[in-house]
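J.: need the 3D shape of this:
(one chain, ligands or ions: 3)
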Amino acid sequence: MNPQLFKNLFAKSARDRRLRYFTSISLSVFLIYFVLLARRSETYNDVLQAVASSHKLSSSSPSSPSSILDNHPVTRLVQDARLEFKKKLGKQSLTLEQAANRYRERRGRHPPPGFDTWFRIAQEKNAIIVEDFFDRIYHDINPFWAFNPLELRRMIRGQLQYIHIRDGQAWYETDDIEHRQPWVQRWTELVQEMMPHLPDLDMVLNIMDETRVSVPYEKMSEYVTQEKQMRSLFPPEEATIDYTGYDDNDGVTSYDPGWVRTEADKYWDHYRVTCPPNAPGRNISSLPTFDTPIDSMYPIGPMPFAPEGFVQNFTAASDPCLQPHLRGMHGTFIESVSMATTHDLYPIFGGCKLPGNNDILIPGGMLLDSYDLFSGGDSHGGAWSKKKTGLIWRGVASGGRNTAKNWWRFQRHRFVQMMNGTAVTLAEQGGDAVFTFKLSNVDSYKVQARLDGRLGQWLDEFSDAGFTDLNCYPLEKGGTCIYTSPHMKVMEAMPMKRQYNYKFLPDVDGNSYSARFRAFLRSTSMPLKATIYSEWHDDRLVPWAHFAPMDNTFSDTYAVLEYFMEHDEIAQRIAEEGREWAEKAMRREDMMLYVWRLLLEYARVVDPKRDRLAFVGDLVG
Ligand SMILES: *[C@@H]1O[C@H](CO)[C@@H](O)[C@H](O)[C@H]1NC(C)=O
Ligand SMILES: *[C@@H]1O[C@H](CO)[C@@H](O)[C@H](O)[C@H]1NC(C)=O
Ligand SMILES: *[C@@H]1O[C@H](CO)[C@@H](O)[C@H](O)[C@H]1NC(C)=O
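T.: Ligands and ions are numbered 1, 2, ... in the order given. You can find the predicted model right below:
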């Protein structure tokens, strides 16, 4: 924005402004309409072409009933997703002025000091800058505007895990360095890449798998409202770029955030206070016992986020408040391995959270680690056409503390058994094994193998899912387990690189988020994902364009797999575009740039001068 335009914003008479506003709005609406029209038909043609050529390719094999121009709900979801993604990309900022302008439009404030350097480095690193990709930062940081900044600085004293920044140097503080995963170190290395461009600050880090902060919905609404009222695009001459230094000798050494550490089997009750009052989950208590069959747990009828049986709104599909059945179908709510949660807003940074949690998101420590378990090293998988038309999953039976009295309710156990042809055949025959799932009605998804009563056999043809460790409680050597071994086999681990030889890579939550999703996206295979966890990248990925979403009950999974096996070219395009996009927007550089911007906002909100801390360089010329 040039200085003249900015002056106009303040100086022009209201009538004048309104006129300009309406003229430009109607012009834009007109333009957008035509652009969308053109794009819609283009996208639509792309899909038709993909479907048509998949038909051509498969017409030699009569077993593939792929039909041209089909009206399958997934075909439409894929089309809509591609359109949505194109729209997002269309909003890319190419200059500092554009970026700062879009910031002001979307955030109602001036950008923080240092925004210009951030933008310059982002450009040097060929980052794709779309303001919407950073929405998460504001969702996480805005509530803290309702707090006194000096109080926020005091609130974080006396914790165990930190990154400190003073005078352009970053270092960490941790306890028990011998026995801990090196996430604090990985995060610190990331922050060091931004030096010396960050102001002084202290970050408290969450190194637990479990998330930490669950503020009641009503209290959060108050904070968010207060923040909105404090927004201001004050005149540029009032701005300052000098952050206030920390007073490390103010005598404050401790603060009690009120961690609740008991009741790991009642986390649902601690969580549901974050749900809006009218959400289905808000008034429903934790289950008194988990030692009952799972089938009574299933929701009745299609979920609102999947009106045609397939996930249409992935955000809603990941939201436990909308799905109280998940209190008995996800390890997080059954029994977490450890728990330390608070109902007061508290600034703590971590790699994931449930949608209602108030932790501040940064990329998970495991994503920053380069070892093969989660990254597959430099391997990005071979060409789609060389891959096996099969599904592979290997992992540990995590998700929480599974015991003889609750294990059949855990999401990973459910997934592994649902992908096990032998077990599914038993279920089809009405056998009396311990089942972690309920087969949906024969005709609800019209999966052919299910209609034919040979779902288990069908799975046997392509599915290979199993635990490498049953994660027993109490622990057993060799990964076996007295209560789950009769139902589940301990399998050899398989390096990621070899998993990439399969077309379908499902991803299921563990104790919290699943760290391999990013690697899966970069593998040229097609990831399928169900989760209740939010991560830093959510605003930059489009479900059905970059991966296939699944419902957390997995009731839709057979139908999703059947669809993609019959629409190989569509699966291929998701796999390839997912990889391409992850290579452009989920690189280490992108994680660094995300955290950099987050820390500029964090440093500002805990600064006593925050009301005037701003980047206005683009306005004053
Ligand atoms: C939950 O309870 C509160 C207070 O009793 C009530 O206002 C609200 O409508 C209830 N919500 C639902 C979804 O039943
Ligand atoms: C998807 O669901 C979320 C959470 O319930 C909601 O806020 C959002 O508006 C929904 N998006 C669409 C496109 O309906
Ligand atoms: C599959 O199910 C059968 C029957 O319950 C079981 O014996 C077998 O160990 C399972 N396989 C895996 C890989 O879990």
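
J.: right, and the helix or strand after the helix or strand where N101 lies?
T.: Here N101 sits within helix 96-107, counting by DSSP states H and E. Tracing the chain C-terminally past helix 96-107 and defining elements by DSSP H and E, one meets helix 115-124 next.

J.: for stretch 103-115, buried residues please.
T.: Judged by neighbour count (16 or more other Cβ atoms under 10 Å), stretch 103-115 contains these buried residues: Y103, R104, R107, R109, H110, P111, P112, P113, G114, F115. Yep, even glycine has a C-beta here, placed from its N, CA and C like the rest.

J.: count the residues that sit near the nearest residue to the last one once chain neighbours are set aside.
T.: Same thing as F115. Excluding its sequence neighbours, the residue lying closest to F115 (Cβ to Cβ, 6 or more residues apart in numbering) is F615, at 4.0 Å. Burial of F615 is recorded as 23 neighbouring residues (other Cβ atoms under 10 Å).

J.: now for F615: which residues touch it?
T.: Shown in contact with F615 (Cβ atoms under 8 Å, 6 or more residues apart in numbering): A100, H110, P111, P112, P113, G114, F115, D116, A239, I241.

J.: state the pLDDT value of Y21.
T.: What the model reports as pLDDT for Y21 is 44.

J.: what residue ranges in the protein score low on pLDDT?
T.: 1-69, 370-379, 621 (pLDDT under 70).

J.: near ligand 2, which residues of it show up?
T.: N313, T315, A316, D319 (Cβ under 6 Å from any ligand atom).

J.: and which of those residues is nearest to R498?
T.: Nearest to R498 out of the residues of the chain next to ligand 2 is T315 (Cβ to Cβ; 33.1 Å).

J.: tell me the SS of that closest one?
T.: Following DSSP: H, G, I helix; E, B strand; the rest coil, the label given to T315 is helix.

J.: now the residue of the chain found nearest ligand 1: how far from P304?
T.: Taking Cβ to the nearest ligand atom, ligand 1 has its nearest neighbour within the chain at N283, 3.8 Å off. Distance, N283 to P304, using Cβ to Cβ, to the nearest Å: 18 Å.

J.: picking up where we left off before, how big is the angle separating the helix holding N101 from helix 115-124?
T.: Interaxial angle of helix 96-107 relative to helix 115-124 (axes from the mean of the first three to the mean of the last three Cα atoms, to 10 degrees): 120 degrees.

J.: mind listing residues that contact the longest strand seen in the chain?
T.: With secondary structure taken from DSSP state E, the chain has its longest strand at strand 388-396. Strand 388-396 is contacted from outside by 412, 415-416, 419, 462-469, 471, 491, 493-494, 499, 501-506, 508, 510, 561, 565, 568, using Cβ under 8 Å, 6+ apart.

J.: can you pull the domain assignment for the chain?
T.: 3-63, 372-579 (automatic domain parsing).

J.: give the buried residues for stretch 411-427.
T.: For stretch 411-427, burial by neighbour count (16+ other Cβ under 10 Å) applies to 411-421, 423-427.

J.: out of those, which sit inside helices?
T.: 411-418, 421, 423-427 (DSSP state H).

J.: just put the residues you listed in CSV and tack on distance to ligand 1.
T.: Converted to CSV, these look like this (distance: Cβ to the nearest ligand atom, whole Å):
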residue, distance to ligand 1
Q411, 25
R412, 30
H413, 30
R414, 27
F415, 30
V416, 34
Q417, 33
M418, 30
G421, 40
A423, 36
V424, 36
T425, 40
L426, 38
A427, 34
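
J.: return the member of the residues you listed nearest to ligand 3.
T.: Once Cβ to the nearest ligand atom is applied, the member of those that ends up nearest ligand 3 is A423, at 3.8 Å.

J.: residues touching that closest one, list them.
T.: Counting by Cβ under 8 Å, 6+ apart, A423 makes contact with Q417, A433, F435, G456, H487.

J.: can you select the buried ones among these for me in PyMOL?
T.: Buried residues within the contacts of A423, by 16+ other Cβ under 10 Å, are selected in PyMOL with:
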select buried, resi 417+435+456+487
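
J.: which one of the buried residues of stretch 103-115 is nearest F554?
T.: Closest to F554, out of all of those and judged by Cβ to Cβ, is R107, at 38.2 Å.

J.: ligand 3 versus the closest one, what's the distance?
T.: 49 Å (Cβ to the nearest ligand atom, to the nearest Å).

J.: spatially nearest residue to that residue (excluding sequence neighbours)?
T.: Closest residue in space to R107, ignoring its immediate chain neighbours: Y138 at 6.1 Å, by Cβ to Cβ, 6+ apart.

J.: secondary structure element for that neighbour?
T.: Y138 belongs to helix 135-141, assigned by DSSP H and E.

J.: pull that helix out as PDB, backbone CA atoms only.
T.: The C-alpha trace of helix 135-141 is given here as PDB (Å, rounded to 0.1, in the frame of the first residue of the first chain):
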ATOM      1  CA  ASP A 135      -4.400 -18.100  10.600                       C
ATOM      2  CA  ARG A 136      -3.500 -20.700  13.200                       C
ATOM      3  CA  ILE A 137      -1.000 -18.200  14.800                       C
ATOM      4  CA  TYR A 138      -3.700 -15.700  15.500                       C
ATOM      5  CA  HIS A 139      -6.100 -18.300  16.700                       C
ATOM      6  CA  ASP A 140      -3.500 -19.300  19.300                       C
ATOM      7  CA  ILE A 141      -2.000 -15.900  20.200                       C
END
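
J.: I'd like the numbering to begin with 11 instead of 1 from here.
T.: Sounds good: first residue 11 from here, last item helix 145-151.

J.: ok, now how distant is D474 from P505?
T.: The value you get for D474 to P505, if Cβ to Cβ is used, is 14 Å.

J.: who has more neighbours, the two?
T.: The neighbour count for D474 versus P505, taken as other Cβ under 10 Å, is higher for D474 (19 against 13).

J.: wait, what's in contact with that one?
T.: So D474 contacts G400, L401, I402, W403, M429, Y512 (Cβ under 8 Å, 6+ apart).

J.: Three-state assignment for the nearest residue to the second one once chain neighbours are set aside, please.
T.: It stands for L401. Of all residues not flanking L401 in the chain, F514 sits nearest, at 4.1 Å (Cβ to Cβ, 6+ apart). Of the three states, F514 takes strand under three-state DSSP.

J.: so the residue of the stretch 361-510 of the chain at minimum distance from ligand 2 is in which element?
T.: Distance from ligand 2 to each residue of the stretch 361-510 of the chain (Cβ to the nearest ligand atom) is smallest for P365, at 7.8 Å. Assigned by DSSP H and E, P365 belongs to no helix or strand.

J.: so what's the residue count around it?
T.: P365: 19 neighbours (other Cβ under 10 Å).

J.: the nearest residue to V434 once chain neighbours are set aside: what's it in contact with?
T.: Leaving aside its chain neighbours, V434 sits nearest to G466 (3.9 Å; criterion: Cβ to Cβ, 6+ apart). Going by Cβ under 8 Å, 6+ apart, G466 touches G431, T432, A433, V434, T435, L436, A437, E438.

J.: stretch 439-449: end-to-end distance?
T.: 11 Å (Cα to Cα, to the nearest Å).

J.: buried stuff in it?
T.: F445, T446, F447, K448, L449.

J.: and the last one, which of the three is it?
T.: Using three-state DSSP as the criterion, the local structure at L449 reads coil.
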